[in-house]
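Engineer: A structural model of the following input is requested.
(one chain, ligands or ions: 2)
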Amino acid sequence: MGVDRGRRDDDPLWRLAGSAGISRRRFLSLLLAGGAAAVLAACGDEIPEWPADAQRAQTAEPPLLFKDSTRFIDHGQAGLESRLELQSGPTTPNELFFVRNNSRSVEIKVAEWSLQIEGDAVDDAIGLSFEDILRLPQRTMTSYLECAGNHRVMFDLLQGRAAKGTQWGRGAIGNAEWAGVSLADVLTLAGVSDDAVSVLLIGLDRESPEGGFRRAMPIEKAMHPDTLLVHRMNGAPLPRDHGFPLRAIVPGWVGSSQIKWVGRIVVSREAQWTRNNTTSYVLIGDDYESQGEAEGRVVTVQSIKSALALPWPAELSADSRRLEGYAHSPRGEIESVQWSDDGGATWRLASLTDRQVDYGWAQFHFTWEGSVGEHTIMTRATDVEGHTQPDSVPFNEKGYLFNQPLPHPISVS
Ligand SMILES: Nc1nc2c(c(=O)[nH]1)N[C@H]1C(S)=C(S)[C@@H](COP(=O)(O)O)O[C@H]1N2
Ligand SMILES: [Mo]
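Structural biologist: Ligands and ions are numbered 1, 2, ... in the order given. Alright, predicted model coming up:
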């Protein structure tokens, strides 16, 4: 249903829009600005009610997810995209934090939950209760969390070539303070052998063909003290949509490695290949070589990006104003953010609003005097290691890691 929305000719929403005379380009920008609801509104009255919310209410099936979807861009089964313009502080409130589900959110009772640790590279397979987790040393850490497919729609909008997958705009990202334990401490309880190579985390959402959603990482990343299993988010118990009672936070890595509703961990002496590092979350395209058993280059670390906290497109009144946004790099603190309102011919420095915390995002702002008319503003972030956003990202079929500076459309009246 919603998973491939906007990319295929047989997408029901696109069929409706097409039959209502809406161009593909307009369809994509409506989708980006307001999700299915905006497309339907533009289609007019003849179109029957279709959006995910309506479906959710009518079926007896369990809900796709639990949180109130009204302040998000709704991508149906794939989840809820945040509206960056609704955020103001350094962290994203839980109720505004995006949700990306590959099946549906699950409700887990702590009393019935346990975490199994097993595999040929552990001394003793063990099961831990939630109390066992709470007895381990507790850590608090801020980290942004971003889907590998955030900005995917931009391959279509800016390069004219649609990538497969949910057509996320800019809101498949959030920044939160997480609390929990180091994965290393949990693994150490089971005893990890010296020749361990990979750690596979498995979620308890059981609707994918393999069973729970899963992703492996090398033992070095798993044993890094900042790779966490968390049970709190922004000072509250982890919400159900974000993986209650326990999820992984793998700083700097793509969202798909940050397994929600973790129930099983397999530590192996060999690399572990599953769907999420062979056919999904791999860069497939002429510019990417394949790795191991994968069809392309395996996506691990995110890429440096920035975005304005404005609706897309934005409509502003003529005035001098403070514009704000977010910038983040997986490889080091953001050192500077530049902005341009002349298509990249000249760049000016934005101010960083606050010091960045841990692996979180940086906030920036600058003053802009927009004259009446149509404008675009681009922003470009650079981190302390010298990484910056490239002018062009080589296309990959599944549309991961798009990080060209975005020409944000702004209409001033
Ligand atoms: N068990 C499980 N974990 C999961 C997923 C999932 O579908 N099931 N989705 C992943 C993906 S693709 C992303 S981008 C992040 C999204 O986290 P959030 O929904 O808390 O924002 O969770 C990841 N962890
Ligand atoms: Mo994702």
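
Engineer: and this protein, which residues reach ligand 1?
Structural biologist: 97-102, 145, 147, 203, 205, 212-213, 242, 255-256, 258-261 (Cβ under 6 Å from any ligand atom). (Each C-beta comes from the backbone N, C-alpha and C, glycine too.)

Engineer: among those residues, which are in reach of ligand 2?
Structural biologist: By Cβ under 5 Å from the ion, the members of those lying near ligand 2 are 100, 147, 255-256.

Engineer: OK, contacts around the closest residue to Gln302 other than its chain neighbours?
Structural biologist: Nearest non-adjacent residue to Gln302, counting by Cβ to Cβ, 6 or more residues apart in numbering: Pro330, 4.3 Å away. Applying Cβ atoms under 8 Å, 6 or more residues apart in numbering to Pro330 gives the contacts 251-253, 301-304, 359.

Engineer: who does the lengthiest helix in the chain touch, helix- and strand-wise?
Structural biologist: Counting residues, the longest helix found in the chain (DSSP state H) is helix 24-43. Counting contacts by 3 or more Cβ pairs under 8 Å, 6 or more residues apart in numbering; DSSP states H and E, helix 24-43 packs against helix 12-19, strand 73-74, helix 153-159.

Engineer: ok, the nearest residue to Ser129 once chain neighbours are set aside - how many residues close by?
Structural biologist: Of all residues not flanking Ser129 in the chain, Ser114 sits nearest, at 5.8 Å (Cβ to Cβ, 6+ apart). A count of nearby residues for Ser114, using other Cβ atoms under 10 Å, gives 15.

Engineer: Next, the contact list for Ser114, please.
Structural biologist: 127-129, 263.

Engineer: same check, this time on Ser257
Structural biologist: Counting by Cβ under 8 Å, 6+ apart, Ser257 makes contact with 201, 215, 217, 248, 250, 300.

Engineer: for ligand 2, what are the nearby residues on the stretch 151-300 of the chain?
Structural biologist: Close to ligand 2, as judged by Cβ under 5 Å from the ion, the stretch 151-300 of the chain has residues 255-256.

Engineer: Find the one among the helices and strands packed on helix 24-43 with the highest mean neighbour count.
Structural biologist: The highest average neighbour count among the helices and strands packed on helix 24-43, using mean count of other Cβ atoms under 10 Å, belongs to strand 73-74 at a mean of 24.

Engineer: From the contact counts, what lies against that one?
Structural biologist: Helices and strands touching strand 73-74, by 3+ Cβ pairs under 8 Å, 6+ apart, are helix 24-43, strand 79-81.

Engineer: The shortest one pairs with which strands, parallel or anti?
Structural biologist: Strand 79-81 pairs in its sheet with strand 73-74 (antiparallel), strand 99-100 (antiparallel), by DSSP bridges.

Engineer: Let's have the ones you listed in a markdown table, adding mean pLDDT.
Structural biologist: What follows is the strands paired with strand 79-81, written out as a markdown table (pLDDT from 0 to 100):
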| stretch | mean pLDDT |
| --- | --- |
| strand 73-74 | 98 |
| strand 99-100 | 98 |
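
Engineer: Make JSON lines from the ones you listed and add distance to Glu61 to it.
Structural biologist: Formatted as JSON lines, those follow (distance: least, Cβ to Cβ, whole Å):
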{"stretch": "strand 73-74", "distance to Glu61": "17"}
{"stretch": "strand 99-100", "distance to Glu61": "17"}
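
Engineer: Tell me which of those lies nearest to Val186.
Structural biologist: strand 99-100 (24.2 Å; Cβ to Cβ).

Engineer: Now do the helix or strand that the closest one is followed by: which elements does it pack against?
Structural biologist: Toward the C-terminus, strand 99-100 is succeeded by strand 115-118 as the next helix or strand (DSSP states H and E). With contacts taken as 3+ Cβ pairs under 8 Å, 6+ apart, strand 115-118 sits against strand 126-128, helix 183-190, strand 262-268.

Engineer: Could you list the low-pLDDT ranges of the stretch 1-150 of the chain?
Structural biologist: Within the stretch 1-150 of the chain, the stretches with pLDDT under 70 are 1-10, 12, 44-60.

Engineer: Next, count neighbours for whatever residue of it ends up closest to ligand 2.
Structural biologist: Nearest to ligand 2 in the stretch 1-150 of the chain, going by Cβ to the ion, is Cys147, at a distance of 3.2 Å. Counted by other Cβ under 10 Å, the residues lying close to Cys147 total 26.

Engineer: would you list every one of the strands in the stretch 301-413 of the chain?
Structural biologist: 305-308, 314-316, 319-328, 334-340, 348-349, 351-352, 362-370, 373-383, 408-412 (DSSP state E, counting those that start in this stretch).

Engineer: average pLDDT for the longest one?
Structural biologist: Strand 373-383 carries an average pLDDT of 98.

Engineer: Run through the neighbouring helices and strands of that strand.
Structural biologist: Strand 373-383 packs on strand 305-308, strand 319-328, strand 334-340, strand 362-370, strand 408-412, going by 3+ Cβ pairs under 8 Å, 6+ apart.

Engineer: what's the answer for the fourth one, then?
Structural biologist: Helices and strands touching strand 334-340, as assessed by 3+ Cβ pairs under 8 Å, 6+ apart, comprise strand 319-328, strand 348-349, strand 351-352, strand 362-370, strand 373-383.
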